[in-house]
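Novice: Okay, here's the prediction I keep looking at, along with the sequence it came from:
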Amino acid sequence: MNGIVSARATAALNPAKDCVYVMDPASSGTLYMNGTPSMVLSCGVYVNSSSPTALFGTGTPTLSASEIDVVGNYSFGGTLNPNPPSTAVAPMADPLANLPAPSVPAGCDYTNFQANSPSGGTIPLSPGVYCGGIYVKKGTAALSAGMYILKGGGLSTQDSNSHITGTGVTLYNTYSNPSRPYAPFNIVASSTVTLTAPTTGTYAGVLIMEDRSITTTTCGGSICTDNFGGGSSAAYTGIIYGPKSTMNFYGNASLTAYTIIVSYRLSMQGTTAINNDYSSLPTGNPIKITALVE
């Protein structure tokens, strides 16, 4: 007796399990932890480099996540959980490649904006185009909800007298050469930051987005480096998306509802905890992956 056996599979979009993506395809130490830092995540880590030391830890660092996936391999002197991590996994494309870039107006609403209150008071900021970026010197820069387009100059702070707050905020870091060259974020470790992304609209969940047209030689012939400080009061709730930049995280960042990091390279210092509660977003986890289902 002859029979016919058939099978059918369809593709479905499912929430991603990872919340940290390091996208450099080949370098050693693309995820780098040195000394005694600790990164504890309720979600997964993905390292796209094929290097035999793609994940690299020296000293006694701790990396704990729901899963650790590495295209290449690892050399880690501290504590890994799970141990061993998954290696030789398949390379991945940019998980946010379909996120549209904001439209950038030709003009400027503000030029070389400096938030400075000698008395340490609050300086209110409104959404708009900030040519030459935003520099927070003294006091609290209070960002109203909306889109902030940084056309050259980036976002930077001075010291422990510099504070940034904002809810429902998206920061788009871009440039206009040659007059307004690209500049990375430089939030020094002693500043304080509490920023939360919007929960609705095109940029729901997107806190920081960097111009995709920058290259690994944009900043003085090398990879741009973003510094995210803020000590124990640092709270970045949302997606921090810089697939062409190195990101340095300093201090002891607070546990917020969720944080998603997409970077070219990533260096962790201090103690960082990352959660994965996406209940504030209408569609849940903003990063979806294609999976086959029967």
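Specialist: Sure thing, it's come through.

Novice: Which residues does the residue positioned nearest the centre of the chain form beta bridges with?
Specialist: Central residue of the chain (CA atoms, centre = their mean): Ile240, 2.6 Å from the mean position. Ile240 forms beta bridges with Ile208, Ile261, as assigned by DSSP bridges.

Novice: is it true that it touches Ile208?
Specialist: Yes - using CB atoms under 8 Å, Ile240 is in contact with Ile208, at 4.7 Å. Every residue, glycine included, has its C-beta placed from N, CA and C.

Novice: do you know how far Gly57 is from Cys108?
Specialist: Distance of Gly57 to Cys108, given as CB to CB, to the nearest Å: 44 Å.

Novice: So the two - more neighbours on which side?
Specialist: Neighbour totals were compared for Gly57 and Cys108, and Gly57 leads with 24 against 18 (other CB atoms under 10 Å).

Novice: Let me know the helix or strand that the more buried one is in.
Specialist: Per DSSP states H and E, Gly57 falls inside strand 55-59.

Novice: now for the following helix or strand past that strand, which elements pack on it?
Specialist: Next in sequence after strand 55-59, counting helices and strands by DSSP H and E, comes strand 62-64. With contacts taken as 3 or more CB pairs under 8 Å, 6 or more residues apart in numbering; DSSP states H and E, strand 62-64 sits against strand 38-41, strand 79-81.

Novice: strands paired with the shortest one, and their directions?
Specialist: Spelled out, it's strand 79-81. Using DSSP bridges, strand 79-81 pairs in its sheet with strand 62-64 (parallel).

Novice: Need the residues that contact stretch 76-96.
Specialist: With CB atoms under 8 Å, 6 or more residues apart in numbering as the test, stretch 76-96 has contacts from 16, 18, 21, 23, 25, 33, 46, 48, 50, 55-65, 67-74, 239, 241, 243, 262, 287, 289.

Novice: Touching, Thr246 and Ser267? I think so.
Specialist: Yes - between Thr246 and Ser267 there is a contact under CB under 8 Å: 6.8 Å.

Novice: contacting residues for Phe56?
Specialist: With contacts defined as CB under 8 Å, 6+ apart, the neighbours of Phe56 are 28-29, 31-33, 74-76.

Novice: Using TSV, lay out these together with secondary structure.
Specialist: Shown next, in TSV, are the contacts of Phe56 (DSSP: H, G, I helix; E, B strand; the rest coil):
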residue	secondary structure
Ser28	coil
Gly29	coil
Leu31	strand
Tyr32	strand
Met33	strand
Tyr74	strand
Ser75	strand
Phe76	strand
